[in-house]
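Q: sequence unknown, structure follows:
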């Protein structure tokens, strides 16, 4: 099991199991929240959490069609 751990203050910390329902990121074009399936994102075997971003469906469709999505980058 993998989990994230954060110390909130000197006496309180939390740990949360990472699963296929609780991993999210922000779309690099519009900033909307995107649920991420890590197994799908890293299926090619190249794992780079810091250098990987995931587009929202709307921006992904627009960019795949060669059009500008019109979103403001955040």
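A: In hand now; what should we look at? As the structure is a prediction and not an experimental result, all values here were calculated from the model. Residues are numbered from 1 along each chain as shown.

Q: any idea how far residue 42 is from residue 27?
A: Distance, residue 27 to residue 42, using Cβ to Cβ, to the nearest Å: 18 Å. (C-beta placed from N, C-alpha, C; glycine too.)

Q: got the contact list for the residue of the chain lying at maximal distance from its centre?
A: If you look at how far each residue of the chain sits from its centre, by Cα atoms, centre = their mean, the farthest one is residue 11, at 29.3 Å. With contact taken as Cβ atoms under 8 Å, 6 or more residues apart in numbering, residue 11 is in contact with no other residue.

Q: did I read that right, it in a strand?
A: No. According to DSSP: H, G, I helix; E, B strand; the rest coil, the state of residue 11 is coil, so it is not within a strand.

Q: Give me the pLDDT value at it.
A: Here the pLDDT value assigned to residue 11 is 96.

Q: now residue 62, what's its secondary structure?
A: helix.
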